[in-house]
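[1] have a look at this fold, sequence not included:
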């Protein structure tokens, strides 16, 4: 009796403690975002810094994104073919693949890959700067590390993410076309016309782009935030990197549901 | 310097690819059609029953899609559904005595408006109303009519 009471109390304590920790982290993230926004004019006046980061986060993720998109599109076409041919509707695989890619898989899978490829690079780089006292060194030279290091990386990620998502979707549709039309022999005209008849520019393509912008902000923010606030040791950098990926993935999936409900829930 | 140039070139190429992909998605994947934008002209038609017709449902003539439903409203005074459709401007010689009926495409397909051309020399123009319409067939009504007719004939 006494034992259970103590256990229960400890459980309540633990839960409230971790809840407080979560809220504190959440608030710290918002304040960090605000600091980034306030400091972004400085970086915008130096576009070279941003271009460098677009290169690092975008161009260097390009091959991964394109390959992933190609194979996701191909498997969508294959699965769609196997299921839809039972109903004699295999000609709609173009539409199925395009809607799935443009609305969901393009933004979400790109964001997850982005977190793994570019987000880890960002947080470990900033974390290592923190661990080797480079950030403090900058402060000492009266250079704000937020302006010089964090903001360009954040903006680079925010710019790169929607572009990567669009390329992912386009590659996916190409993959679906290759698998469906070339390998499985679906009629090419029907493939494209079914797709064009059902995919809407504003509702489908644009909602996907809007999603990817939100994911870009979330993924880049979490990556720089975790790196900037890491424990300045080798272990701390590793932890921060892991945490950035895990948190970004979860945030993207939760945010995806909310954005889908918001963007498409109206009808 | 060399490296900066490579970075700039790579970034430029990357952004260009993004624009190309977006262009592909807007033109090849969606129907970037002339009747969904501002082009074309609008007609209205009144129906007793529109079934599951929705905005953006197609409007076709002889099976060729020539426009879309842009708005559906209910006229409280006349107790009828008012459907506004937009027709691409190149199909500007549809006889004014044409009739519009709500049809179903396929078994699972959505409903669409099919136009049946009339024989008049006058053509429909922006803001006109299609006077001859045929409502959607509601399955339940069809079944009950059939059942009712069957039992009535048996007596």
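    Cool, the structure landed. Owing to the predicted nature of the structure, the values given are computational and were not obtained by experimental measurement.
[2] tell me where the model's unsure across the chain.
    Using chain A. A:1-3, A:265-267 (pLDDT under 70).
[3] try again with chain B
    Counting by pLDDT under 70, chain B has low-confidence residues at B:1, B:31-38, B:106-109, B:150-155.
[4] what parts of the stretch 51-200 of chain A come near chain B?
    Contact residues, the stretch 51-200 of chain A versus chain B (CB under 8 Å from any CB of the partner chain): A:51-52, A:54-55, A:58-59, A:62, A:98, A:102, A:160, A:162-164, A:166-167, A:169-171, A:173, A:192, A:195-197, A:199-200. All C-beta spots, glycine's among them, are computed from the backbone N, C-alpha and C.
[5] and after the lengthiest helix in chain B, which helix or strand comes next?
    Ordering each helix of chain B by length in residues (DSSP state H) puts helix B:2-24 first. Downstream of helix B:2-24, the first helix or strand assigned by DSSP states H and E is strand B:41-47.
[6] what does chain B have sitting close to chain A?
    Near chain A, the residues belonging to chain B are B:4, B:7-8, B:10-11, B:13-15, B:17-18, B:20-22, B:24-26, B:28-32, B:56, B:58 when assessed by CB under 8 Å from any CB.
[7] remind me, longest strand of chain B?
    In chain B, taking DSSP state E as the definition, the longest strand is strand B:64-75.
[8] which strands or helices does that one pack on?
    Here strand B:64-75 touches strand B:58-61, strand B:80-87, going by 3 or more CB pairs under 8 Å, 6 or more residues apart in numbering or on different chains; DSSP states H and E.
[9] how about the residue of chain A found nearest chain B, what does it touch?
    Residue nearest to chain B within chain A: residue A:163 (3.3 Å; CB to the nearest CB). Neighbour list for residue A:163: A:58, B:14, B:15, B:17, B:18, B:21 [criterion: CB atoms under 8 Å, 6 or more residues apart in numbering or on different chains].
[10] which single residue of chain B ends up nearest chain A?
    Closest to chain A within chain B is residue B:18: 3.3 Å, counting by CB to the nearest CB.
[11] check contacts around that residue.
    For residue B:18, the contact set (CB under 8 Å, 6+ apart) comprises A:162, A:163, A:164, A:166, A:167.
[12] how does it look with 6 Å?
    Residue B:18 sits next to A:163, A:166, A:167 when contact means CB atoms under 6 Å, 6 or more residues apart in numbering or on different chains.
[13] and of the residues you listed, the nearest to residue B:76?
    Nearest to residue B:76 among these: residue A:166, at 45.1 Å, using CB to CB.
[14] OK, contacts around residue B:145?
    No contacts exist for residue B:145 under CB under 6 Å, 6+ apart.
[15] ok, now how distant is it from residue A:112?
    55 Å (CB to CB, to the nearest Å).
[16] repeat for residue B:49
    Residue B:49 is 47 Å from residue A:112, by CB to CB.
[17] who touches stretch A:106-121?
    Surrounding stretch A:106-121, the residues in contact under the criterion CB under 6 Å, 6+ apart are A:57, A:61, A:64, A:68, A:161, A:164-165, A:168-169, A:208, A:211-212, A:215, A:219, A:223, A:241, A:244-245, A:248-249, A:252, A:256.
[18] compute the first-to-last residue distance for that stretch.
    With CA to CA, to the nearest Å as the measure, stretch A:106-121 spans 22 Å from end to end.
[19] then stretch B:19-29?
    End-to-end distance (CA to CA), stretch B:19-29: 15 Å.
[20] give me the buried positions along it.
    Neighbour-count burial for stretch B:19-29 flags B:21, B:22, B:24, B:25, B:28, B:29 (criterion: 16 or more other CB atoms under 10 Å in any protein chain shown).
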